[in-house]
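Visitor: need a structure here:
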Amino acid sequence: MSVMVLENFNGTPFANGVVFKIAGKVDRKKNTMIRHEKKADNFVHGIREHVRLGPKISETVKGKLSLGARILQLGGVKRVFKQIFCVGEGEKLLKASQCYLSTTAGPTAGLLFISTQRVAFCSERPIKFSSSNGELVRFHYKVSIPLRKVKRVDPSENVKNPSQKYMEIVTVDNFDFWFMGFLNYQKSFNCLQQALSQS
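Guide: All right, here's what the predicted structure looks like:
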């Protein structure tokens, strides 16, 4: 069929119109491939960054497996969110992202939940603390910030390595929370910005 087009196009098989049509198809395919390649590179970088922040690879993998099992047991991320944070009527989960929260004890792996009413975090593994009577107590590290209490969200990056991105959430009472090691930083940041603009 392309031979017929070549023969009938201005009487010459090398007319510019045919070359441009063929080049246009190649360029579209090439652009699609480049776009998919960039997405894959970003995803791989996100995984590498997420794993890098963990204490050990074996601990990180163990945490991810237990988190995945917990999500499956409860019937999905939405149900996990509802169970952990006592979600009220009308509140909808917009996005859940695996990331780390910066704490005084170091980065803590968990899930960042962005809903129509709050931004919340829950560690994927329980944290151990000594109680006042010396007993070892375990509980999940949780943060819940109503969107109306968020003063601003600042994107940030490592000066020496700009691909390491951070998100600082500052509350109206001047507490700040630093999140890092996202599998997809930009999607999480954009979702949070959108939720804030609609609250």
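Visitor: wait, Asp154 sits on Val170?
Guide: Yes: between Asp154 and Val170 there is a contact at 7.0 Å, judged by Cβ atoms under 8 Å. Where you see a C-beta, it was placed from the backbone N, CA and C, and this is true even at glycine.
Visitor: what helix or strand is Lys78 on?
Guide: Assigned by DSSP states H and E, Lys78 falls within helix 77-85.
Visitor: now do the buried residues in that helix.
Guide: The neighbour-count check on helix 77-85 (16 or more other Cβ atoms under 10 Å) flags Lys78, Val80, Phe81, Lys82, Ile84, Phe85 as buried.
Visitor: which residues in this structure form helices?
Guide: With DSSP state H as the criterion, the chain has helices at 2-8, 16-52, 57-74, 77-85, 185-198.
Visitor: ok, of these, where does mean pLDDT dip lowest?
Guide: Among the helices of the chain, helix 2-8 carries the lowest mean pLDDT, at a mean of 38.
Visitor: now do Glu168 against Phe189, distance only.
Guide: Going from Glu168 to Phe189 by Cβ to Cβ, to the nearest Å gives 11 Å.
Visitor: overlap in contacts of those two?
Guide: Here Glu168 and Phe189 share the contacting residues Val153, scored by Cβ atoms under 8 Å, 6 or more residues apart in numbering.
Visitor: more crowded one of the two?
Guide: Neighbours around Glu168 and Phe189, counted as other Cβ atoms under 10 Å, are more numerous at Phe189. The numbers are 19 against 15.
Visitor: how near is that one to Val150?
Guide: For Phe189, the distance to Val150 - Cβ to Cβ - is 13 Å.
Visitor: do the same with Leu112
Guide: With distances taken as Cβ to Cβ, Leu112 is found 13 Å from Val150.
Visitor: shared neighbours, these two?
Guide: Jointly contacting Leu112 and Val150 under the rule Cβ under 8 Å, 6+ apart are Val119.
Visitor: okay, the two: which has more neighbours?
Guide: Counted by other Cβ under 10 Å, Leu112 and Val150 do not tie: Leu112 has more neighbours, with 24 against 19.
Visitor: can you pull the buried residues of stretch 87-98?
Guide: Judged by neighbour count using 16+ other Cβ under 10 Å, the buried positions of stretch 87-98 are Val87, Leu93, Lys95, Ala96, Ser97, Gln98.
Visitor: looking at those residues, which is nearest Ala195?
Guide: When the buried residues of stretch 87-98 are ranked by distance to Ala195 (Cβ to Cβ), Lys95 comes first, at 8.4 Å.
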